[in-house]
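In: sequence plus the predicted model coming up.
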Amino acid sequence: MSHWFDSSIAHLHKYSKKSIMEKLFKLLSDAQASLFVLFHKTWVYHWNVVGKDFQQHHTLFGEQYNTIFEEIDRLSEHMRYLNVKPLSSLNRVLEVSKIKEASSSANAEGMISDLLQSNIDFCDMMGKISEEAEEQKSYATANLVQDLMESHGKFVWMLRSFSDTSSKRVQEEVEEEVIEEVEEETTEE
Ligand SMILES: [Fe+2]
């Protein structure tokens, strides 16, 4: 018998409310792996960024990877509290992560837009975990992921503010989505 969660949570410990909590554990495990890859990507860009705004980009990425380092520790320790084992294999982290590794060819603008999108994706993941955690009445987990959502929401704001081009593109995407939704609604009526 094969479950959808077999591959992703095979490393997790048994838990008394296992059947109810499995979904939440898988989401937390995916989040931990994704945060690890985001940490690594931000750190790599901190080293490799070049250009006229080098100092500002280097400092921004530096502040963000330091914050993420603390967040990984907080999230992993919270998983231990839930009796879940955080991922320890880097191969497994890369398999499970919803965020892709750093690009080796990105220029400063590419780095900003890659980090911007990755942080938006991470906020979406935190939103889903928050909903699941509240449903399971796991309020400490909900509180933790809401803190992460706020922190990465701030990253999104800062990264967006750094690049007019990225900001414009995100704004256009939002406008396109709104137009599509309005069109869909009009067609349905
Ligand atoms: Fe540094």
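Out: Perfect, thanks for sending it.
In: got a list of what the residue positioned nearest the centre of the chain touches?
Out: Nearest to the geometric centre of the chain sits Phe122, at 2.3 Å (Cα atoms, centre = their mean). Contact partners of Phe122, counting by Cβ atoms under 8 Å, 6 or more residues apart in numbering, are 31, 34-35, 38, 99, 148, 152. Glycine gets a C-beta too; all of them are placed from N, C-alpha and C.
In: can you pick the most crowded of these?
Out: The residue in the contacts of Phe122 with the most neighbours, by other Cβ atoms under 10 Å, is Leu38 (28 neighbours).
In: name the helix or strand for it, please.
Out: helix 18-48 (DSSP states H and E).
In: on that earlier part again, so which of the contacts of Phe122 comes closest to Gln136?
Out: Checking the contacts of Phe122 against Gln136 with Cβ to Cβ, the nearest one is Ala31 at 15.1 Å.
In: for that closest one, give its distance to Lys137.
Out: In this view, Ala31 and Lys137 are 19 Å apart by Cβ to Cβ, to the nearest Å.
In: secondary structure element for the residue nearest to the centre of the chain?
Out: helix 108-135.
In: any residues touching the helix or strand that comes right after that helix, and which ones?
Out: Tracing the chain C-terminally past helix 108-135 and defining elements by DSSP H and E, one meets helix 139-162 next. For helix 139-162, contacts defined as Cβ under 8 Å, 6+ apart pick out 24, 28, 31, 35, 53, 56-57, 60, 64, 67, 71, 74-75, 78, 81-82, 112, 115-116, 119-120, 122-123, 126-127, 129-130, 133-134, 166-167, 170.
In: report the buried members of those residues.
Out: Buried members of the contacts of helix 139-162, scored by 16 or more other Cβ atoms under 10 Å, are 24, 28, 31, 35, 53, 57, 60, 64, 71, 75, 78, 82, 112, 115-116, 119-120, 122-123, 126, 129-130, 133, 166-167, 170.
In: what's the angle from the helix holding Phe122 to helix 18-48?
Out: 160 degrees (axes from the mean of the first three to the mean of the last three Cα atoms, to 10 degrees).
In: which regions of the chain lie under the pLDDT threshold?
Out: Per-residue confidence for the chain (pLDDT under 70) gives these ranges: 1-20, 164-175, 177-179, 181-182, 185-189.
In: how does it look with 90?
Out: Low-confidence segments of the chain (pLDDT under 90): 1-22, 88, 162-189.
In: coming back round to it: how about the contacts of Phe122, which pair is most distant?
Out: Ile99 and Leu148 (13.4 Å).
In: count the neighbours of Asn83 for me.
Out: 14.
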